[in-house]
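*Asks:* here are the coordinates; sequence isn't available:
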């Protein structure tokens, strides 16, 4: 069993690095932590970076998870290779580019590019966004899956994810006590389906709702509240069509053996208990394959 | 303040069509239909036998406060006369129509009748709304005033209410621990502006917001949060042009009187700290386009 501690960063390719940076700073509210040739890094919490935009193909998307020890990373690499995954061990340059000590890269059964890392860098400097979005940190990712049952099995049996709830066939899975750190949404191709940042409270969700709308950014879902995690949320569109989410008030699961995963409708009422309807392809039943 | 008012009792508004008004109040807004005559339709939101009265009786728009004793009614009458206002004792029939034992009426400077009632009817039956709007009670009334200073003098010197805060020249007036029960807005017109119903929590605000949109009712303001009172609200327009709001989390407690009134900016941001758009001129402060 590969023990994942947490989700640590996303790397997103873009054809317009300056535009992506403008959006990340001025709309999303992240802080630029570093600029390199062809890449910009962003902070959202105490970590050195939680998002990196780089010049490249927008379909080139990576999500990374932290493992506790380098021995675990080696064991994980062997285990993945035994299962037939091609595992790439990160070069020192690649590790340096990610502010991690060691890393491996592979594709999950759907083809999502996943990195497992050890010792991702933390800083003594807290995050301070340009705009007051109230962000408290990068928290979870939604990944596309071409076979939800197969991928759920990968994340829960090869790795240590536990299913907290399901919306239709989409499992919301926890790594620690937070209701979900990874969610899988059926879709016809691999990719990051959404990137979540937590915010301080209701006021932040609602103020951002008006702010984002005033800036002509497409709001794709919300403001609403998930009946699964109890989190209040707002989804909106970012560079290259990426979906970003703010949420607050996510449920924590502390009594691990007592929790029972629940089945919710794959319909607006399974996604929102306030009455919002998603305009997000992977959240809709009428999505085309 | 010589007299302590027990509560904000009811609001009465003239409408053209009692049946249409009833459909709004009950089916849309979620108030419980109470007593009904040919000329009056009353609605419940709590233990009051009614808190909203739609009227075709020609008795005008009114807002009522409750006194504890007949002696208090006399005191209020003397106080009003001493301050230069002209209160009138209501006849037994008039008081009965209002479901009170004794009452007096006085025209506020903005022309809306203020009625002071003693022994208004309480119901032994709890409120049960026709739909689950989460209403917990009648909370506040707002008034539009061409000469807001004159109305402020009337409510504070004539009746003895306490100013909790100002937003520009908007006056929030308290008569108990709640931040305000009466709000006076500078306006181009003299009128009863709106009535607010307390709901359990923010879920109800947001569910009702989606409900109003689905019912194709105008969302006049909100979802938002009043800067001074902290009340989270959403507002629509009902029969008689009366703005009807749901609100929750309004500031309440002795600290409000203890700290004294604060001056907030004459700006839309004081009326909504979330930046929700509104075209209602009273909620724009000095930001009127």
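*Replies:* That came in fine, so what should we check first? Since this is a predicted model, take the numbers as computed values, not measurements.
*Asks:* drop to CA atoms for contacts and neighbour counts, all remaining ones
*Replies:* Will do.
*Asks:* tell me which residues form a beta bridge with the residue nearest the centre of chain A?
*Replies:* Centrality entry for chain A: nearest residue to the mean C-alpha point is residue A:141, 1.8 Å, by Cα atoms, centre = their mean. Applying DSSP bridges to residue A:141 gives these bridge partners: residue A:182, residue A:195.
*Asks:* Spatially nearest residue to the closest residue to chain B within the stretch 51-200 of chain A, not counting backbone neighbours?
*Replies:* Going by Cα to the nearest Cα, chain B is nearest to residue A:133 of the stretch 51-200 of chain A, at 11.6 Å. Counting by Cα to Cα, 6 or more residues apart in numbering or on different chains, residue A:29 is the residue found nearest to residue A:133 once chain neighbours are left out, at 5.7 Å.
*Asks:* and that neighbour, how many neighbours does it have?
*Replies:* By other Cα atoms under 10 Å in any protein chain shown, the residues close to residue A:29 number 22.
*Asks:* can you tell me the helix or strand for the residue of the stretch 51-200 of chain A closest to chain B?
*Replies:* Residue A:133 is located outside every helix and strand, with elements delineated by DSSP states H and E.
*Asks:* same deal with the one 5 residues further on?
*Replies:* Counting by DSSP H and E, the element that carries residue A:138 is strand A:135-145.
*Asks:* returning to that earlier point: assess the claim that the residue nearest to the centre of chain A and residue A:181 are in contact.
*Replies:* Yes: with contact defined as Cα atoms under 8 Å, residue A:141 counts as touching residue A:181 (6.4 Å).
*Asks:* May I have the predicted confidence score for residue 68?
*Replies:* Let's take chain A. Note for residue A:68: predicted pLDDT of 93.
*Asks:* um, chain B though
*Replies:* Per-residue pLDDT puts residue B:68 at 96.
*Asks:* go on, residue B:203?
*Replies:* pLDDT recorded at residue B:203 is 96.
*Asks:* Which residue lies closest in space to it, excluding its sequence neighbours?
*Replies:* Distance criterion Cα to Cα, 6+ apart; nearest residue to residue B:203, sequence neighbours excluded, is residue A:274 at 6.7 Å.
*Asks:* For the one you found, give its distance to residue A:26.
*Replies:* 28 Å (Cα to Cα, to the nearest Å).
*Asks:* Give me the more crowded residue out of those two.
*Replies:* Comparing residue A:274 with residue A:26 by neighbour count (other Cα under 10 Å), the higher total belongs to residue A:274, at 25 against 18.
*Asks:* For that one, which residues are in contact?
*Replies:* Neighbouring residues of residue A:274 by Cα atoms under 8 Å, 6 or more residues apart in numbering or on different chains: A:224-225, B:203, B:206-207, B:210.
*Asks:* Ignoring the adjacent residues along the chain, who's closest to the residue in the stretch 51-200 of chain B that chain A sits nearest to?
*Replies:* Chain A sits closest to residue B:133 of the stretch 51-200 of chain B, with a gap of 11.7 Å, by Cα to the nearest Cα. Of all residues not flanking residue B:133 in the chain, residue B:30 sits nearest, at 5.6 Å (Cα to Cα, 6+ apart).
*Asks:* what's the domain layout of chain A?
*Replies:* A:4-118, A:135-283 (automatic domain parsing).
*Asks:* Any idea how far apart the tips of the longest one sit?
*Replies:* Meaning domain A:135-283. 24 Å.
*Asks:* what residue is smack in the middle of chain B?
*Replies:* Chain B has residue B:141 as the residue nearest its centroid, 1.4 Å off, counting by Cα atoms, centre = their mean.
*Asks:* just the helices in the stretch 51-200 of chain A please.
*Replies:* Taking DSSP state H, counting those that start in this stretch as the test, the helices found in the stretch 51-200 of chain A are A:70-82, A:92-98, A:148-153.
*Asks:* Same list (these) but as TSV, adding mean neighbour count and distance to residue A:59.
*Replies:* TSV is the format used below for the helices of the stretch 51-200 of chain A (neighbours: other Cα atoms under 10 Å in any protein chain shown; distance: least, Cα to Cα, whole Å):
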stretch	mean neighbour count	distance to residue A:59
helix A:70-82	16	23
helix A:92-98	15	19
helix A:148-153	17	20
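*Asks:* Can you say which of these is nearest to residue B:274?
*Replies:* The stretch from the helices of the stretch 51-200 of chain A with the least distance to residue B:274 (Cα to Cα) is helix A:92-98; that distance is 36.5 Å.
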